[in-house]
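Trainee: let's see this in three dimensions:
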Amino acid sequence: MTMTSTSGPASVLMSHPTGNQNVRNALQGLAEHGMLAEFWTSIAWNPESAWNRFLPSSLRGQLMRRTFQGVPREQVHSVPLREAVRLGARGSLVEGLVCSGERTFSVIGIYRHFDGRVARRLRQIEVDAVYAYEGGARETFREAKSRGVATLYDLPSGHWHWERDLMREEETRSPELATVIPKLLDSEAHMREKDEELRLADLVIVASQHVRRTLAGVVADEKIVVVPYGAPPVRTRPQRRAEPRRPLQVLFAGILHQRKGIGYLLKAVEMLGPGVELTLIGQRLAANAIVDKACERWRWFESVPHQQVLDLMMQSDVLVLPSLSEGFGLVVTEALACGLPVIVTPNVGASDLIKDGREGFVVPICSSEAIAGRLDGLDRDRELLAQMSHNAQMAAAGQPWEVYREALVKALGVAQWQR
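Mentor: I've put the predicted structure just below:
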């Protein structure tokens, strides 16, 4: 059956418990085209609130990341209590007691409760479709199905079963990095919940061909639409003064675990010796001799504000993200906008935007040798590095977030949520 609105643009209820950059742009796209009925989230902070003057700067910073400007306030609804408790418990002695696993104030627990609240809202409002995300859609989709409302499912990462099997293979391949290989500890019950979300979806929106490939045999190909994320505005790189040849400045940004290929990058850097210098941005997953040694040897930032990440990009020569699986990798488009060539694998979703040898290189997964070879080539040919830097910014300029928003709305309109 085809769901269409007979009196103007389709009416969509959208939900996401936190609202990251891609969620905000999807939300803005719906709002710009008159398709947004309501947006539901956990915390929707008012940046003009008088409370901002009295809150500690760290808490104020967290809350300011939960603002949704550009969307009428009356269309934004929140379910804040459980998420507020989770944020308040962060770093305290009670965090492990109440926020771990699938407990009430865990991420999974909050998503389940939030999903139930949005489902109840569907009994009170008439909409053409609901737009929800992985882990927070099952009850919403059940209710939508009972009411003839179309179900739009945004899946930002690879299929959970596919990624779990991949990490099990990696444990066998790299036992020395076992402590920093994500175990994907979702319970079987939680994975069955997400399986049901996929089955209930009329349309599955993904950001890359990589995610589409992980869904092969699980979701009918005609139910999947690929809409790549966007890049931020291009930044002007400072002109470097003439200076003696310096080591190639290599950047990695992301959690320091093996799903992101950190071990393969570290081995590649070791192979190159003094020709490169490495900067690491990201939290350590767990104690590990190889990763811990790298954090001591190289420049390492556990956590920095987003603006500082961009500043570090401007000081670097190349970004390396050799992930074994990455739904998209927004850090890649940020790097392109800063004029950084990138070295990625085909399993990094943003590789869809990279022409090998132009804005960067696409290397095989699990290959330190391939990474080292490309870094060595850039180190030896600084003219090629400069040309790739220019090409990177041209690629970012051609894929702004406005393009993502338009492509998403167009994809929803063309698909018309065939069921």
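Trainee: number of nearby residues for the spatially closest residue to G230 that is not a sequence neighbour?
Mentor: The shortest distance from G230 to any non-neighbouring residue, by C-beta to C-beta, 6 or more residues apart in numbering, is to W401 (3.4 Å). Where C-beta positions appear, they are placed from N, C-alpha and C, glycine not excepted. As a burial measure, W401 scores 19 neighbours (other C-beta atoms under 10 Å).
Trainee: W401 and T41: what is the separation?
Mentor: Going from W401 to T41 by C-beta to C-beta, to the nearest Å gives 19 Å.
Trainee: shaky segments in the stretch 301-419 of the chain?
Mentor: 414-419 (pLDDT under 70).
Trainee: can you give me the helices for it?
Mentor: Ranges of helices in the stretch 301-419 of the chain, per DSSP state H, counting those that start in this stretch, are 306-314, 330-337, 368-380, 382-397, 401-415.
Trainee: among the ones you listed, which comes closest to L30?
Mentor: Closest of the helices of the stretch 301-419 of the chain to L30 is helix 401-415, at 7.1 Å (criterion: C-beta to C-beta).
Trainee: quick check: buried residues in the worst-scoring helix or strand of the chain on mean pLDDT?
Mentor: One helix or strand of the chain scores below all others by mean pLDDT, DSSP states H and E: helix 57-64, with a mean of 72. Using 16 or more other C-beta atoms under 10 Å as the test for burial, helix 57-64 gives R60, L63.
Trainee: how's the protein carved up into domains?
Mentor: Residue ranges for the domains of the chain, per automatic domain parsing: 12-230+401-415, 248-397.
Trainee: looking at the ones you listed, which is buried most?
Mentor: Across the domains of the chain, the average number of neighbours (mean count of other C-beta atoms under 10 Å) peaks for domain 248-397, which reaches a mean of 20.
Trainee: that one: end-to-end distance?
Mentor: End-to-end distance of domain 248-397 (C-alpha to C-alpha, to the nearest Å): 25 Å.
Trainee: next one: stretch 14-25
Mentor: One end of stretch 14-25 to the other measures 12 Å (C-alpha to C-alpha).
Trainee: quick check: mean pLDDT of it?
Mentor: Here stretch 14-25 scores 93 as its mean pLDDT.
Trainee: so which of the domains of the chain comes closest to P238?
Mentor: Short answer: domain 248-397, nearest of those by C-beta to C-beta, at 6.9 Å.
Trainee: the strands in this protein, which residues?
Mentor: Taking DSSP state E as the criterion, the chain contains strands spanning 12-15, 36-41, 76-78, 129-133, 150-154, 203-206, 224-226, 248-253, 276-281, 299-301, 318-321, 342-344, 360-362.
Trainee: circling back to that earlier point, give me the distance from the least confident helix or strand of the chain to the chain's centre.
Mentor: Relative to its parent chain, helix 57-64 has a centroid offset of 21 Å by C-alpha atoms, centre = their mean, to the nearest Å.
Trainee: pull the residues that contact that helix.
Mentor: I43, W45, P47, N52, L55, L87, P305 (C-beta atoms under 8 Å, 6 or more residues apart in numbering).
Trainee: closest to R245 out of those residues?
Mentor: P305 (32.0 Å).
Trainee: name the nearest residue to that closest one, ignoring sequence neighbours.
Mentor: Distances taken as C-beta to C-beta, 6+ apart place G61 nearest to P305, at 8.0 Å, with adjacent residues excluded.
Trainee: for T236, find the nearest of the domains of the chain.
Mentor: T236 lies closest, by C-beta to C-beta, to one member of the domains of the chain: domain 248-397, at 8.5 Å.
Trainee: distance to T279 added to the contacts of helix 57-64, as TSV?
Mentor: Shown next, in TSV, are the contacts of helix 57-64 (distance: C-beta to C-beta, whole Å):
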residue	distance to T279
I43	32
W45	32
P47	32
N52	33
L55	32
L87	29
P305	16
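Trainee: so which of those residues are in helices?
Mentor: Secondary structure from DSSP state H places L87 of the contacts of helix 57-64 in helices.
Trainee: mind listing what P322 touches?
Mentor: Counting by C-beta under 8 Å, 6+ apart, the residues that P322 touches are K260, G261, Y264, L265, I343, V344, T345, V348, V363, I365, S367, I371.
Trainee: I'd like those residues written out as a markdown table, with distance to E296 added.
Mentor: As requested, the contacts of P322 are arranged in a markdown table below (distance: C-beta to C-beta, whole Å):
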| residue | distance to E296 |
| --- | --- |
| K260 | 20 |
| G261 | 20 |
| Y264 | 19 |
| L265 | 16 |
| I343 | 24 |
| V344 | 27 |
| T345 | 27 |
| V348 | 27 |
| V363 | 27 |
| I365 | 27 |
| S367 | 26 |
| I371 | 21 |
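Trainee: and the pLDDT for P182?
Mentor: Note on P182: pLDDT of 85.
Trainee: for G329, what are its contacts?
Mentor: Neighbouring residues of G329 by C-beta under 8 Å, 6+ apart: L321, S323, V344, V348, G349, A350.
Trainee: once you drop chain neighbours, what's closest to it?
Mentor: A350 (4.4 Å).
Trainee: what of L266?
Mentor: Nearest residue to L266, sequence neighbours excluded (C-beta to C-beta, 6+ apart): A294, at 5.1 Å.
Trainee: quick one, what contacts the residue lying closest to V318 once chain neighbours are set aside?
Mentor: The shortest distance from V318 to any non-neighbouring residue, by C-beta to C-beta, 6+ apart, is to P341 (5.1 Å). For P341, the contact set (C-beta under 8 Å, 6+ apart) comprises D317, V318, L319, E359, G360, F361, L378, L385, M388, S389, N391, A392.
Trainee: repeat that for I125.
Mentor: The neighbours of I125, taking C-beta under 8 Å, 6+ apart as the test, are L13, A37, E38.
Trainee: ok, now how distant is the closest residue to A337 other than its chain neighbours from P232?
Mentor: Excluding the flanking residues, the one nearest A337 by C-beta to C-beta, 6+ apart is A396, at 4.0 Å. A396 sits 8 Å away from P232 when distances are taken as C-beta to C-beta.
Trainee: so what sits against both of the two?
Mentor: Common contact partners of A396 and P232 (C-beta under 8 Å, 6+ apart): T333, A337.
Trainee: tell me the one of the contacts of helix 57-64 nearest R299?
Mentor: Here the nearest of the contacts of helix 57-64 to R299, counting by C-beta to C-beta, is P305; it sits at 16.5 Å.
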